[in-house]
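> take this sequence and fold it.
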Amino acid sequence: MPEVSVVDQNNKPVGKQKLNDAVFGLDADTGFVHRVYSALAAGQRAGTHSTKTRAEVSGGGKKPWKQKGTGRARQGSTRSAQWRHGGVAHGPRPRSYETRINRNERRRALCLVLSELIREGRVTVLDALQLNQVKAKDFVQVMQNLDIKSGLIVLAEDNREVVLSGRNVKHAKVVLDGQVNLHDLLKYEHLVLTKTAVEKLEGRLS
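Residues are numbered from 1 along each chain as shown. Here you go, the predicted structure:
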């Protein structure tokens, strides 16, 4: 069972916390994570790309020249794909890129990434995170205390001061435990969790 140090906002140890093996102790499976991430990313594509075929381009109703006797290649329409202003052959059409990923696969992918972050020492557990006012400078100071340049901060409950203070801080994002997703876990270098957020994540993912 993995165990991590719990620190305060000044990065001073205040205790230890054991983590659930089912969430933070899985063996690596990069192929599975890649498959789930690719499916989720593909689902974000609008799929609205479109080109016109020769049937949809205006014009081209008249045969450019007679079939024989001109010495030129036979042509039936000025809107064929090889002509300027012609239609596009085999071009993209509106479609959906969505791939079905069930809930258990998404949950397992999250646990695999969380386990990898633990192994690499890129997880910090805070006893609590509190700011006295909405001020980005105070938020940045906490990140500097924790020696974090790029971090995903996960809270157990909404905290107006923390959320608003971190909203415009570059390379940082504040979310609630229910908003943790695969993209953010892979995007940011470090993961910061409050003790209560860890317990809620374990309860939801195990």
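
> tell me the centre residue of this structure?
Nearest to the geometric centre of the chain sits residue 183, at 2.3 Å (Cα atoms, centre = their mean).

> quick one: mean pLDDT over the strand or helix carrying that one.
If you go by DSSP states H and E, residue 183 is part of helix 182-187. Averaged over helix 182-187, pLDDT sits at 95.

> who touches it?
33, 36-37, 40-41, 106, 109-110, 113-114, 117, 152, 173, 175, 191 (Cβ atoms under 8 Å, 6 or more residues apart in numbering). C-beta coordinates here come from the backbone N, C-alpha and C atoms, glycine included.

> in which helix or strand would I find the residue sitting furthest away from the middle of the chain?
Relative to the centre of the chain, the most outlying C-alpha is that of residue 69, 61.6 Å out, by Cα atoms, centre = their mean. Per DSSP H and E: residue 69 is located in neither a helix nor a strand.

> buried residues, the biggest helix by length in the chain. List them.
Among the segments of the chain that qualify as a helix by DSSP state H, the longest is helix 103-119. Across helix 103-119, burial judged by 16 or more other Cβ atoms under 10 Å covers 106, 108-118.

> and that helix, C-alpha only, in PDB?
In PDB, the C-alpha atoms belonging to helix 103-119 read as follows (Å, rounded to 0.1, in the frame of the first residue of the first chain):
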ATOM      1  CA  ARG A 103     -17.300   3.900 -17.300                       C
ATOM      2  CA  ASN A 104     -15.000   1.200 -16.000                       C
ATOM      3  CA  GLU A 105     -12.400   1.800 -18.700                       C
ATOM      4  CA  ARG A 106     -12.300   5.500 -17.900                       C
ATOM      5  CA  ARG A 107     -12.000   4.800 -14.200                       C
ATOM      6  CA  ARG A 108      -9.200   2.300 -14.700                       C
ATOM      7  CA  ALA A 109      -7.300   4.800 -16.900                       C
ATOM      8  CA  LEU A 110      -7.500   7.500 -14.200                       C
ATOM      9  CA  CYS A 111      -6.200   5.000 -11.600                       C
ATOM     10  CA  LEU A 112      -3.400   4.000 -13.800                       C
ATOM     11  CA  VAL A 113      -2.200   7.600 -14.300                       C
ATOM     12  CA  LEU A 114      -2.600   8.300 -10.600                       C
ATOM     13  CA  SER A 115      -0.500   5.300  -9.800                       C
ATOM     14  CA  GLU A 116       2.200   6.400 -12.200                       C
ATOM     15  CA  LEU A 117       2.300   9.900 -10.700                       C
ATOM     16  CA  ILE A 118       2.800   8.300  -7.300                       C
ATOM     17  CA  ARG A 119       5.600   6.100  -8.500                       C
END
